[in-house]
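J.: Below is the structure, and that's it, no one-letter string:
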């Protein structure tokens, strides 16, 4: 997956909020790509709703992981602005993209915000060492994605998420985040 993480105008100052917006777009692409990878591996998704539910799970995971990854590089105030900005820009991204599928902004908010708040709390309970989500954190995401996927090959979804999708997602997220944070 190609990640664009450079600003077009070199030398221009970019705020924490600008960086959060750019990373929210990258995370959205990662979430979409994860679903597409799973579908290409013949995992069953029957409806747009299933696909969106899986993307929502990945987005909540990626926002939480972004918070963990910026813990050392941003102070508490910047981190709060960054994660809030990432969450709000993710919502904006979802509203824009999902409007084409007949979902209103209110419907997106009603589904994603409670999920995000719940997952941020859930993931906070798991270890995060050496800039990597723990086995249990990856497993939790895998379990949540498994609940959203179709019945066929359901027993393998957990392994796919833990062993393939999370490492790819982390590689792309870190690449984008590292480049964007350096430009702050």
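T.: The structure has been received and is ready for your questions. Because the structure is predicted, anything quoted here is derived from the model rather than measured. Numbering: from 1, shown residues only.
J.: Spatially, what comes nearest to residue 53 if we skip its sequence neighbours?
T.: If the residues on either side of it in the chain are set aside, residue 53 comes closest to residue 148, at 4.1 Å by Cβ to Cβ, 6 or more residues apart in numbering. The C-beta positions use only the backbone N, C-alpha and C, and glycine is treated the same way.
J.: The one you found touches residue 58, doesn't it?
T.: No: using Cβ atoms under 8 Å as the test, residue 148 is too far from residue 58 to be in contact (10.3 Å).
J.: Between those two, which is the more surrounded one?
T.: Ranked by neighbour count (other Cβ atoms under 10 Å), residue 148 and residue 58 place residue 58 first, with 25 against 18.
J.: Pretty sure the more buried one sits against residue 37.
T.: No: counting by Cβ under 8 Å, residue 58 sits too far from residue 37 to count as a contact (10.9 Å).
J.: hang on, the earlier thing: got a pLDDT number for the residue nearest to residue 53?
T.: Per-residue confidence for residue 148 comes out at a pLDDT of 90.
J.: can you give me the strands for the protein?
T.: Shown for the chain, the strands assigned by DSSP state E span residues 128-129, 132-133.
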